[in-house]
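K.L.:
Below: sequence and its predicted model.
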Amino acid sequence: MNDLERQLGYPLGDTLPALGTTLEVAPGVRWLRMALPFALDHINLWLLRDVQDGVQGWSIVDCGITNDATRAAWEQIFASELQGLPVLRVIVTHMHPDHMGLAHWLTERWNVRLWVSATDYNTARLASSSTIGFGGEASARFMASHGLTDPDAQARIKARTNYYASMVPKLPASFRRLMHGDVLRIGGRAWQCHAGYGHAPEHMALHCAELGTLISGDMVLPRISTNVSVHEVEPESNPLVLYLDSIKRMQALPAHTLVLPSHGRPFTGLHTRIDQLVAHHDERFAEVLAACASAPQHAADLLMVLFKRKLDLHQTTFAMGESLAHLHALWLGGKLVRRLDADGIYRFSVA
């Protein structure tokens, strides 16, 4: 546990649900974990006790990626943790593969509807049938224009043409739209949707005032900072400002809220964690400004400034997006200027 984590509270301590089991974290709310094949090796998923049209059952929040191990873990959950009741709906916070991956399988298996924001549903449909934002020739050209010209990295990015589709091979054919401010009745309790931007196109967190509980998805995590990236499909975007504005709005929720994040342990200290995340990015902004004051910088130049550890290719592509997100916040905020040099690379310097 690092110093920032020690400022938060962890009601369940170090207790984690074993694979294929659940833990109750609030009345009618059960926590389960699925493995991920990345350095970030798990995702938290949630079962909410529910009733739909007089039928007792469960709502699932988030799905895990598509692979045999995750399907098998779900089957174990269905056999041992549902009290003989059916799944009534599948809710997805956002379109990233660890959240959306098995939505098609879960909705087909239980003959239920997917509930998700329209923006993330349609972005996921596009990404599952293309390479936008996740690899291929266009992504490699975009990375090169921001300084990632290493031939090996370029070749591997170009070759990664089915990255998203390998984990989200298909989407349900229909969905129920979630929008900011919507109130879902889940098990007789009101859960309000809170839209967040920057990490995903239109992320939906869910807050239950009666339970004092927030399913935060990836918007607020206790140990790591959420990835916020610029992608080639929206090359002049400003996602970090959108993200910071989104989490600041969450400070309107009670400070004692129990936060159920997608990665890490359930915690209390929502306002403290948001303050930490804002301060973290303020520090990164200062580092970027200092580097750009010393000499014009491209996004790849800043990887060693922002990420003080060795990165593999998977991490490097995320880090490039985040480097650009910091540069764009300062550029579009008037603190940096951008130029396209003769070598075809964008560099930023102080205004």
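P.N.:
Nice, thanks for sending it over.
K.L.:
any low-confidence regions in this protein?
P.N.:
The chain contains residues with pLDDT under 70 at 131-134.
K.L.:
Show me the longest strand that occurs in it.
P.N.:
strand 42-52 (DSSP state E).
K.L.:
List of residues touching whatever helix or strand comes next after that strand?
P.N.:
Per DSSP states H and E, the first helix or strand lying C-terminal to strand 42-52 is strand 55-61. Contact with strand 55-61 is made by 45-51, 82, 85-93, 106, 186-187, 206, 215, as judged by C-beta atoms under 8 Å, 6 or more residues apart in numbering. Quick note: C-beta positions are derived from backbone N, CA and C, even for glycine.
K.L.:
before we move on, the earlier item: note down every partner strand of the longest strand of the chain and its orientation.
P.N.:
strand 29-35 (antiparallel), strand 55-61 (antiparallel) (DSSP bridges).
K.L.:
Which neighbours in the sheet does whichever strand or helix holds Leu260 have, and how are they oriented?
P.N.:
Taking DSSP H and E as the definition, Leu260 sits inside strand 258-261. Strand pairing for strand 258-261, using DSSP bridges, gives strand 213-217 (parallel), strand 267-268 (antiparallel).
K.L.:
got a markdown table for these, with distance to Gln7 and mean neighbour count too?
P.N.:
Output for the strands paired with strand 258-261, formatted as a markdown table (distance: least, C-beta to C-beta, whole Å; neighbours: other C-beta atoms under 10 Å):
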| stretch | distance to Gln7 | mean neighbour count |
| --- | --- | --- |
| strand 213-217 | 17 | 27 |
| strand 267-268 | 10 | 21 |
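K.L.:
Val288 is nearest to which of those strands?
P.N.:
strand 213-217 (26.6 Å; C-beta to C-beta).
K.L.:
can you give me the helices in the stretch 101-250 of the chain?
P.N.:
If you assign secondary structure with DSSP state H, counting those that start in this stretch, the helices in the stretch 101-250 of the chain sit at 103-110, 118-128, 137-145, 151-159, 163-167, 239-249.
K.L.:
Return the alpha-carbon coordinates of the fourth one using CSV.
P.N.:
In this case it means helix 151-159. Output in CSV follows, covering the C-alpha atoms of helix 151-159 (Å, rounded to 0.1, in the frame of the first residue of the first chain):
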residue,chain,number,x,y,z
PRO,A,151,10.8,0.4,-36.2
ASP,A,152,10.0,-2.6,-33.9
ALA,A,153,7.2,-0.7,-32.1
GLN,A,154,5.9,0.5,-35.5
ALA,A,155,5.8,-3.0,-36.9
ARG,A,156,4.1,-4.4,-33.9
ILE,A,157,1.4,-1.7,-33.8
LYS,A,158,0.7,-2.2,-37.5
ALA,A,159,0.4,-5.9,-36.9
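K.L.:
And that helix, what's buried?
P.N.:
153-154, 156-158 (16 or more other C-beta atoms under 10 Å).
K.L.:
The strands paired with strand 42-52: which one's closest to Ile345?
P.N.:
Of all those, strand 29-35 comes closest under C-beta to C-beta, at 38.4 Å.
K.L.:
just how off-centre is that closest one within its chain?
P.N.:
Put simply, strand 29-35 sits 16 Å off its chain's centre (C-alpha atoms, centre = their mean, to the nearest Å).
K.L.:
Pull the residues that contact it.
P.N.:
For strand 29-35, contacts defined as C-beta under 8 Å, 6+ apart pick out 16-17, 19, 21-25, 41-49, 64-65, 69-70, 73-74, 77, 81, 98, 211, 213, 260, 266.
K.L.:
Show me the longest helix that occurs in this structure.
P.N.:
Counting by DSSP state H, the longest helix found in the chain is helix 270-294.
K.L.:
quick revisit: make TSV out of the strands paired with strand 258-261 and add distance to Asp341.
P.N.:
As requested, the strands paired with strand 258-261 are arranged in TSV below (distance: least, C-beta to C-beta, whole Å):
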stretch	distance to Asp341
strand 213-217	39
strand 267-268	45
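K.L.:
Looking at those strands, which is nearest to Ile247?
P.N.:
Counting by C-beta to C-beta, Ile247 lies closest to strand 213-217 out of the strands paired with strand 258-261; the figure is 9.2 Å.
K.L.:
okay, which residue is most central for this structure?
P.N.:
Asp218 (3.9 Å; C-alpha atoms, centre = their mean).
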